[in-house]
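Novice: Provided below are the primary sequence and the corresponding predicted coordinates.
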Amino acid sequence: MMMAVLGLLLSGVASAASAEEVAAARPELAAHIRSLQPIKNRAGKYFFPGDALVEPEAQVLIADRLLEGRDDLAVRVALAYALTGDNRLPWRVIQAQEAPVRAALLAGYKRKGTADAVEALAGGLSDEAQEVRFEALRLLGRRPELTSPALTAGLMASLKDPSADLRSAAVRALSWRKASGSFDAIVPSLSDADAKVRGAAVRALGILDTQRAHGLEALMALRDDPNPHVQRAFRSLRAD
């Protein structure tokens with residue numbers, strides 16, 4: 001077990017008890033955590049069913065099992081998702097995991113963390129794995145209160161990501177965050193080679209400033225774009 005260092009690794013409310021102490025005091029819980037096998041939800045993500053996993057002692061055992069790294073990847077991903085935001089792991093620990101586990105562990109910052117969240121999500125934006133960068137963008141769109149030069153630079157760089165899915169995610173994140181300069185930063189995406197990105201840009205500009213979007217020549221030039229992604233975005237723009 002990694003009980004000697006576990007308390008130091010948890011970014012949130014770490015239990016004062018080590019995994020070894022919890023296992024000794026609650027052997028049935030320890031056996032249960034050790035026996036967990038994941039199932040897939042409707043979104044295709046691995047998870048463990050049951051409400052008991054959120055209690056503090058269970059969280060210590062879950063983190064310990066994850067950090068031991070002995071399980072198959074699917075199990076470790078489910079263990080990562082099972083950690084609550086109060087027991088999130090810091091980026092220095094997250095970055096040592098495999099890409100699917102890194103992406104899952106970032107979910108701990110969906111609502112929790114400040115400086116540690118900025119560090120983790122900035123790290124996620126510059127991660128080598130597309131799935132980790134995507135998760136960082138998704139979370140940043142939901143946490144507009146988190147700001148830093150590193151986050152701004154990462155968001156802007158994501159607009160030019162090789163992946164169209166990530167470019168679309170960056171456009172959406174900027175529109176949800178509504179930060180100064182987002183409108184102008186998104187405008188070049190109207191001419192993206194991928195229709196999903198163009199459609200996301202039309203929708204995002206309408207969210208940020210509907211009146212200005214309607215007066216933007218580059219945007220209105222896309223009215224005749226036959227792609228369904230772009231046409232759906234225009235219907236949304238008209239509804240606004």
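Specialist: Yes, it's here.
Novice: Quick check: Ala120 vs Val230, distance?
Specialist: Separation of Ala120 from Val230 (C-beta to C-beta, to the nearest Å): 34 Å. (C-beta placed from N, C-alpha, C; glycine too.)
Novice: For those two, indicate the residue with more neighbours.
Specialist: Ala120 (28 against 22; other C-beta atoms under 10 Å).
Novice: Does Gly123 touch Val93 like I think?
Specialist: No - Gly123 is beyond contact range of Val93, at 11.1 Å (criterion: C-beta atoms under 8 Å).
Novice: ranges for the strands of this structure?
Specialist: Ranges of strands within the chain are 39-40, 46-47, based on DSSP state E.
Novice: Which other helices and strands does the last one contact?
Specialist: This means strand 46-47. strand 39-40, helix 73-82 (3 or more C-beta pairs under 8 Å, 6 or more residues apart in numbering; DSSP states H and E).
Novice: of all those, which lies closest to Val101?
Specialist: helix 73-82 (5.1 Å; C-beta to C-beta).
Novice: Residues in contact with that closest one: which ones?
Specialist: For helix 73-82, contacts defined as C-beta atoms under 8 Å, 6 or more residues apart in numbering pick out 36-38, 45-48, 53, 62-63, 65-66, 69, 71, 97-98, 100-101, 104-105, 107.
Novice: Please pick the buried ones from those.
Specialist: 36, 38, 46-48, 53, 62-63, 65-66, 71, 97, 100-101, 104-105, 107 (16 or more other C-beta atoms under 10 Å).
Novice: what about Thr114, how many residues close to it?
Specialist: Neighbours of Thr114 under the rule other C-beta under 10 Å: 11.
Novice: So what's the residue count around the residue nearest to it when sequence neighbours are not counted?
Specialist: The spatial neighbour of Thr114 that comes closest, neighbours along the chain excluded (C-beta to C-beta, 6 or more residues apart in numbering), is Leu146 at 7.4 Å. A count of nearby residues for Leu146, using other C-beta under 10 Å, gives 19.
Novice: surely Leu146 meets Val118?
Specialist: Yes - when contacts are counted by C-beta under 8 Å, Leu146 is listed as touching Val118 (5.4 Å).
Novice: show me what contacts the closest residue to Lys160 other than its chain neighbours?
Specialist: Closest residue in space to Lys160, ignoring its immediate chain neighbours: Arg167 at 7.2 Å, by C-beta to C-beta, 6+ apart. By C-beta under 8 Å, 6+ apart, the residues touching Arg167 are Ser158, Leu159, Lys160, Asp161, Ser189, Asp192, Asp194, Val197, Ala200.
Novice: one more time with 10 Å, if that's ok
Specialist: Residues near Arg167 by C-beta atoms under 10 Å, 6 or more residues apart in numbering: 137, 158-161, 189, 192-194, 196-197, 200-201.
Novice: Just the residues contacting stretch 231-240, thanks.
Specialist: With C-beta under 10 Å, 6+ apart, stretch 231-240 has contacts from 195-196, 198-207, 210-211, 213-214, 219-220, 222-225, 227.
Novice: Please repeat the previous calculation with a cut-off of 6 Å.
Specialist: Contacting residues not belonging to stretch 231-240 are listed as Gly199, Val202, Arg203, Gly206, Thr210 [C-beta atoms under 6 Å, 6 or more residues apart in numbering].
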